[in-house]
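**Student:** Predicted structure and sequence below. I'll ask about it afterward.
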Amino acid sequence: MPSVTHDDAPLLADLMPWSVAPVRLGRGWPAAPDAASLKARWDALVKAEGPDREALFEPTRSRTLHSAVGQLPGRPTGTEKLLRASGPCPEPVRVLHAPFDEQWLIPDHRLIDAARPELWRVADRHQVFVVETAGDPPGPVLLATSLLPLVRPGRVRPLYRRPGGTEPNLAPGLLEHLTARLGHPVTPADVLAWILAATRPDLTVPLTADPEHWARGVERGRRILWLLRRDGDRPKLPGGRRPYVRAPLPPRPRTLHYDRDEETLHLDDGRISPVPPEAWDFQVAGSGVVEAWFTARTAEGEPGTLNAVRPATWPQTWTSELLELITVLALLAELRPRQAESTAPAPVTAAELHRAGVLPVPEPARRPASVLGGHEEGPEGQLALI
């Protein structure tokens, strides 16, 4: 990891000043590893009546069947109270449910205790969300995703404050200062890449004015970002190291076991290999990523609840996702030694940024921008006023 030998590195919270608390669902059933289960859960909810619908919904202080809330930005869902809701399920959307675990969510404000509409307003194909993991090495300090993140407990920092990739969420004047110090233009994407490569566990970000070191850190950060987002060419390990299904996975695997000597992942009698130890050992905030991913797909919900509505058999898409997850974790693990080896000359310190007027960050930069570009429907079909 690029680092410096002083304690005056600026804080991530100052470099990317606008942050949002993570989404809080309040109930587990509106999210699932497959979209079909979500549609079945919604159908079961709207077919139920009276106390049965209330029990299935799992009310909280923030959301009940009587809650009046507007649409999520950009999502044409109903706004009548759930007590009277009917019709088909809102089309599920892909989200980052947990570290390295992409799942599906019913994007209905009435189902979510704290949906963070300000995040939905800026979520588009240009956006990158940086997510604090609250973890310690050797796990990653930050994640990055193009999807709306549900990862808890860390804060979410969008790269852009407005839709369309405009107005970067960076300290005003930071790009200009780094451009002057490095002697070449610096883009928001460059800063994001450096942040992913350099951020320390205490969420300080050592900066450098050395052009060659900056270029190496940015290149490494871009590869990290590509592996985290997985929204372009699919990552692959070299031919002899690519994981394959060696024995068919059972229709409903229940157990997961890793054989370190044979580098084999066992799902009951099914086998996947080779699985590098680095992929199996990969953790975020103390939790094994592969084990958590598997548990999310095999845990059985309490009978009679919507969480119990799950696929009857293991979908083929999950096998493909598991193979890619193993690949991504193995490739990310390879970057760690190179990150730890480097040091940063010519540090750009927090004191320097204060002298240049980049810090302290003005308070408006810590608040969301006004991005209402169209009508948003409020409760019971009224126009939302923001």
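**Tutor:** That came through, no problem. Being a predicted model, the structure only gives us computed values, none of them experimental.
**Student:** only C-alpha atoms for contact and neighbour calcs from this point on.
**Tutor:** OK.
**Student:** Can you identify the element that follows the longest helix seen in the chain toward the C-terminus?
**Tutor:** Secondary structure of the chain per DSSP state H: the longest helix is helix 316-341. Note on helix 316-341: by DSSP states H and E, the next helix or strand toward the C-terminus is strand 347-348.
**Student:** what's that next one in contact with?
**Tutor:** Contact with strand 347-348 is made by 4, 9, 206-210, as judged by CA atoms under 8 Å, 6 or more residues apart in numbering.
**Student:** any idea which of those residues is least confident?
**Tutor:** Within those, pLDDT reaches its minimum at Val4, with 40.
**Student:** give the contact list for the closest residue to Gly270 other than its chain neighbours.
**Tutor:** Nearest-residue entry for Gly270: Leu249, 4.1 Å, with adjacent residues in sequence omitted and distances by CA to CA, 6 or more residues apart in numbering. Residues in contact with Leu249, defined by CA under 8 Å, 6+ apart, are 267-271.
**Student:** could you redo the last one with a cut-off of 10 Å?
**Tutor:** The contact partners of Leu249, by CA atoms under 10 Å, 6 or more residues apart in numbering, come to 266-272, 314, 316, 319.
**Student:** for Pro251, same thing?
**Tutor:** Pro251 neighbours (CA under 10 Å, 6+ apart): 270, 312-316.
**Student:** Then Val284?
**Tutor:** 98-100, 133-143.
**Student:** Could you pull up phi and psi at it?
**Tutor:** With angles defined as degrees, to the nearest 10, Val284 sits at phi -130, psi 120.
**Student:** quick one: it from Leu203, how far?
**Tutor:** From Val284 across to Leu203, the span is 15 Å (CA to CA, to the nearest Å).
**Student:** that older thread, now render the contacts of Pro251 as CSV, adding pLDDT, distance to Pro92 and neighbour count.
**Tutor:** Output for the contacts of Pro251, formatted as CSV (pLDDT from 0 to 100; distance: CA to CA, whole Å; neighbours: other CA atoms under 10 Å):
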residue, pLDDT, distance to Pro92, neighbour count
Gly270, 98, 30, 17
Ala312, 95, 19, 9
Thr313, 97, 20, 11
Trp314, 97, 20, 16
Pro315, 97, 17, 12
Gln316, 97, 19, 10
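**Student:** got these as CSV, with distance to Ala13 columns?
**Tutor:** Output for those, formatted as CSV (distance: CA to CA, whole Å):
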residue, distance to Ala13
Gly270, 45
Ala312, 45
Thr313, 44
Trp314, 41
Pro315, 41
Gln316, 41
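**Student:** Those residues: which two are farthest apart?
**Tutor:** Farthest-apart pair in these is Gly270 and Ala312; separation 17.4 Å (CA to CA).
**Student:** pretty sure Ser146 is touching Asp124, no?
**Tutor:** Yes: shown here, Ser146 and Asp124 form a contact pair, counting by CA atoms under 10 Å, at 7.8 Å.
**Student:** Tell me how far the least confident helix or strand in the chain by mean pLDDT lies from the chain's centre.
**Tutor:** Least confident helix or strand, the chain: helix 316-341 with a mean of 87, by mean pLDDT, DSSP states H and E. Relative to its chain's centre, helix 316-341 lies at 16 Å (CA atoms, centre = their mean, to the nearest Å).
**Student:** residues of it that come out buried?
**Tutor:** Using 16 or more other CA atoms under 10 Å as the test for burial, helix 316-341 gives 322-333, 335-336, 339.
**Student:** for stretch 56-76, same thing?
**Tutor:** Going by neighbour count (16+ other CA under 10 Å), the buried part of stretch 56-76 is 56-59, 63-65, 67-74.
**Student:** Among these, which one sits closest to Arg161?
**Tutor:** Set against Arg161, the nearest of the buried residues of stretch 56-76 by CA to CA is Pro73 (14.8 Å).
**Student:** residue furthest from the geometric center of this protein?
**Tutor:** The centre of the chain is farthest from one residue, Gly50, which by CA atoms, centre = their mean lies 36.2 Å away.
**Student:** Just the pLDDT for it.
**Tutor:** Looking at Gly50, its pLDDT stands at 95.
**Student:** Ok, the one 4 residues further on next?
**Tutor:** Glu54 is assigned a pLDDT of 98 by the prediction.
**Student:** how about the helices of the protein, start to end?
**Tutor:** Counting by DSSP H, the chain has these helices, from start to end: 12-15, 35-47, 50-57, 117-121, 174-182, 188-198, 211-229, 277-281, 289-298, 316-341, 350-355.
**Student:** Please identify the deepest-packed of these.
**Tutor:** Among the helices of the chain, the stretch with the highest mean neighbour count (mean count of other CA atoms under 10 Å) is helix 188-198, at a mean of 23.
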